[in-house]
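Undergrad: quick check, what structure comes out for this input:
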Amino acid sequence: MNILTEIIAHKRQEVEHLKKQVSRKNLEDSEFFKLECNSLSDSIRSKNFGIIAEMKRKSPSAGAIRTDLNPTQLGKRYSDSGVAGISVLTDNKYFGGHYLDLLEVKKEVETPVLRKDFIVDEYQIFESKAMGADCILLIASVLEKQHLKELALIANSLGLEVLMEVHEHSELEKFNDEISILGVNNRDLKKQATDLSISEKLRPYLPNDITLISESGIKTSKETEFLASLGYHGALIGESIVGNKNPSAKIESFQLKTVTQ
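TA: Just a heads-up that it's a prediction; the model follows:
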């Protein structure tokens, strides 16, 4: 069993347990469920090259990254640094996240917030809205085409944007009109191996009328400049920012040069 299969199997069990603990009505009655979502896609497009800064304490590939992470403080630092969005890992077992992390960030900033998790059930979409998320992640490799579209429709009906993530060309056939942002993950989630050239190889096959981002393995301004030259509008960057002693300076380094798209 590869790590992705293991994560998804555990996530399905986790969701079934959560359904018994918190009803959908409880989620719909929560304070944040009633908030109007901010557009992550628009925020990315408003920048020369939009950075989505991620917060996570650990990962299966990197191990411990920032175990002392304070969501409130880090969220404010990210927002003050001018990021287009903040990605919050809410998976606990494999990434050390918690739904309270997203709640705390949302209380602190107006910057659009992406809930990064392994969404396999519509319950998680209502849960995401109740957390205060503005956008959710749907991973093409773990969802059937029709199921992905159904989940995206539900998300849109609640005002949430959808970031669909692909790693292989074959996954692009799952793209649909409900998707707001298309992301190319340079990391193979099954093998936990990262190759930045994936974004370059897939770019000719991506639609040109949607917000495009590259994800994972991005460490330098030269790489973000190269991605922009390919036509990507932004990038989701995790370990090189959250693991840095001065994340604000690292974010600034990605924004040093004006990029013409």
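
Undergrad: how about the strands in this structure?
TA: In the chain, the strands defined using DSSP state E lie at 50-55, 58-59, 63-64, 85-89, 113-116, 135-139, 161-166, 181-185, 187-188, 193-194, 211-215, 234-237.

Undergrad: what helices or strands is the fourth one leaning on?
TA: In this case it means strand 85-89. helix 40-45, strand 50-55, helix 71-80, helix 99-108, strand 113-116 (3 or more C-beta pairs under 8 Å, 6 or more residues apart in numbering; DSSP states H and E). C-betas here are computed from N, CA, C, even on glycine.

Undergrad: for Ser197, find the nearest of these.
TA: For Ser197, the closest of the helices and strands packed on strand 85-89 is strand 50-55, at 20.6 Å, according to C-beta to C-beta.

Undergrad: now that closest one: average pLDDT?
TA: Here strand 50-55 scores 97 as its mean pLDDT.

Undergrad: so what touches that strand?
TA: Residues from elsewhere that reach strand 50-55 (C-beta atoms under 8 Å, 6 or more residues apart in numbering): 40, 43-44, 66, 69, 71, 74-75, 78, 81, 83-89, 101, 105, 114, 116, 213, 224, 233-238, 241-242, 247, 251, 254-255.

Undergrad: strand partners (parallel or antiparallel) of it?
TA: Looking at strand 50-55 with DSSP bridges, its partner strands are strand 85-89 (parallel), strand 234-237 (parallel).

Undergrad: what's the biggest helix in this structure, counting residues?
TA: Scanning the chain for the longest helix, with DSSP state H as the assignment, gives helix 3-21.

Undergrad: got the CA positions of that helix in PDB?
TA: Output in PDB follows, covering the C-alpha atoms of helix 3-21 (Å, rounded to 0.1, in the frame of the first residue of the first chain):
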ATOM      1  CA  ILE A   3       1.200   6.400   1.300                       C
ATOM      2  CA  LEU A   4      -1.600   8.000  -0.600                       C
ATOM      3  CA  THR A   5      -3.800   4.900  -0.500                       C
ATOM      4  CA  GLU A   6      -3.100   4.700   3.200                       C
ATOM      5  CA  ILE A   7      -4.100   8.300   3.700                       C
ATOM      6  CA  ILE A   8      -7.300   8.000   1.800                       C
ATOM      7  CA  ALA A   9      -8.300   4.800   3.600                       C
ATOM      8  CA  HIS A  10      -7.800   6.500   6.900                       C
ATOM      9  CA  LYS A  11      -9.600   9.700   5.800                       C
ATOM     10  CA  ARG A  12     -12.700   7.700   4.900                       C
ATOM     11  CA  GLN A  13     -12.800   6.200   8.300                       C
ATOM     12  CA  GLU A  14     -12.200   9.500   9.900                       C
ATOM     13  CA  VAL A  15     -15.100  11.200   8.000                       C
ATOM     14  CA  GLU A  16     -17.500   8.400   9.000                       C
ATOM     15  CA  HIS A  17     -16.500   8.900  12.600                       C
ATOM     16  CA  LEU A  18     -17.000  12.700  12.300                       C
ATOM     17  CA  LYS A  19     -20.500  12.300  10.800                       C
ATOM     18  CA  LYS A  20     -21.500  10.600  14.100                       C
ATOM     19  CA  GLN A  21     -20.000  13.400  16.200                       C
END
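
Undergrad: next, the buried residues of that helix.
TA: By neighbour count with 16 or more other C-beta atoms under 10 Å, helix 3-21 contains the buried residues 4, 7-8, 11, 14-15.

Undergrad: kindly report the same for stretch 38-54.
TA: Across stretch 38-54, burial judged by 16+ other C-beta under 10 Å covers 38-41, 43-44, 47, 49-54.

Undergrad: now stretch 61-71
TA: Neighbour-count burial for stretch 61-71, counted by 16+ other C-beta under 10 Å, picks out 61, 65-66, 69, 71.
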